[in-house]
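Asks: structure here, sequence nowhere to be found:
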Ligand code: AMP
Ligand code: TRP
């Protein structure tokens, strides 16, 4: 079975952008791939975190993975810092990463602007991500579009290492789901939906209450005109809502267009609100059950870490040998 790895930083509330762009894809792909679903806590601390909040977010992210349908019987759910090989291979790769490659990373440039002080970890973040991926001999990395550049860097580091020291790492492919790669903010369709947005009206959190979900959809920005037509250029706000609708309902935005011919924005929004409530309620129920049984969650994480450590350690050992460490 081919190997698939991805991760999310436990740095705040998860929203439907994370779900459609990432987690939902993983749950579908876990049937055909051996999935490693990581909680990227080492990445989260590249910007300042409050310790108690971080601890809670790590647990919440884990529970959301499981509640969203990542099956711990089939897939490996683990916390990045529970597998020391990530930091170790990350260091090795750092010694081979051209500074210029990191300076070109658009995510670094964006994040840098938002920090009062910028630390080296934020700059080296993509190298750690390369280590995450390469340790598992990953075939496919399903991510949102914003991570594409990091995947390219991973491929180039793997090739560089293999060329210099001999075949060590598999060269991974990114997988970016076309319709949901970039879910835009509900309050501003020109920027992606983001947990760090200034207003909570930007996103629908996976744990928003039904009333909050309905309210946020109702006040979501729309475009001029009245027609529900899928036009990314002329009607970016409605197009975004249609993509969300299609992704949750199954189908394509064009189907939604047909379905809503002659109907109003408010009809469409009312139905979208109800659809989201209907789809998120079961996830929220499972989340609630898990939060009442933290031991079972810890148990899943222990098993995940054991399995991840075995595989990661093997690859790390191979890389250490190749570069001439005494192992
Ligand atoms: P982040 O929230 O930046 O840690 O991202 C976690 C995962 O969700 C990554 O695979 C992102 O590409 C994906 N993601 C984050 N925001 C969005 C969005 N607005 N639309 C689609 N995917 C997203
Ligand atoms: N950088 C990713 C993000 O912010 C999270 C991440 C860390 C990741 N390591 C990874 C994603 C490895 C895929 C594979 O979304």
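Replies: Nice, I can see it. The structure presented is a predicted model; accordingly, all values stated were derived computationally and were not measured. Ligands and ions are numbered 1, 2, ... in the order given.

Asks: what's the helix or strand for residue 77?
Replies: Using DSSP states H and E, residue 77 sits within strand 76-79.

Asks: ok, the closest residue to residue 195 other than its chain neighbours - contacts?
Replies: Among residues not flanking residue 195 along the chain, residue 12 sits closest, at 4.0 Å (Cβ to Cβ, 6 or more residues apart in numbering). C-beta coordinates here come from the backbone N, C-alpha and C atoms, glycine included. Residues near residue 12 by Cβ atoms under 8 Å, 6 or more residues apart in numbering: 57, 195-196.

Asks: residue 45 now?
Replies: 54, 121.

Asks: does ligand 2 have contacts with stretch 105-117?
Replies: No - between stretch 105-117 and ligand 2, judged by Cβ under 6 Å from any ligand atom, nothing touches; the nearest distance is 7.6 Å.

Asks: for the stretch 201-327 of the chain, what spans make up the helices?
Replies: 210-218, 236-249, 253-259, 265-291, 294-323 (DSSP state H, counting those that start in this stretch).

Asks: the ones you listed: which one's closest to ligand 1?
Replies: Ligand 1 sits nearest to helix 236-249 of all these, at 9.6 Å, using Cβ to the nearest ligand atom.

Asks: show me what that closest one is in contact with.
Replies: 16, 20, 24, 179-180, 183-184, 186, 189-190, 217, 220-223, 228-232, 252-253, 255-257, 265, 268-269, 271-272, 275-276, 279.

Asks: which of these are close to ligand 1?
Replies: Counting by Cβ under 6 Å from any ligand atom, the members of those that reach ligand 1 are 180, 183.

Asks: can I get the buried part of the contacts of helix 236-249 as one PyMOL selection?
Replies: Buried subset of the contacts of helix 236-249, written as a PyMOL selection, criterion 16 or more other Cβ atoms under 10 Å:
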select buried, resi 16+20+24+180+183+184+186+189+217+220+221+222+223+228+229+230+253+256+257+265+268+269+271+272+275+276+279
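
Asks: just give me the neighbour total for the closest residue in space to residue 221 that isn't next to it in sequence.
Replies: The shortest distance from residue 221 to any non-neighbouring residue, by Cβ to Cβ, 6+ apart, is to residue 237 (4.8 Å). The tally of other residues near residue 237 (other Cβ atoms under 10 Å) stands at 20.

Asks: also residue 121?
Replies: The number of residues packed around residue 121, counting by other Cβ under 10 Å, is 13.

Asks: circling back: can you pull the pLDDT of the residue nearest to residue 221?
Replies: With respect to pLDDT, residue 237 scores 97.

Asks: and the gap between it and ligand 2?
Replies: 24 Å (Cβ to the nearest ligand atom, to the nearest Å).
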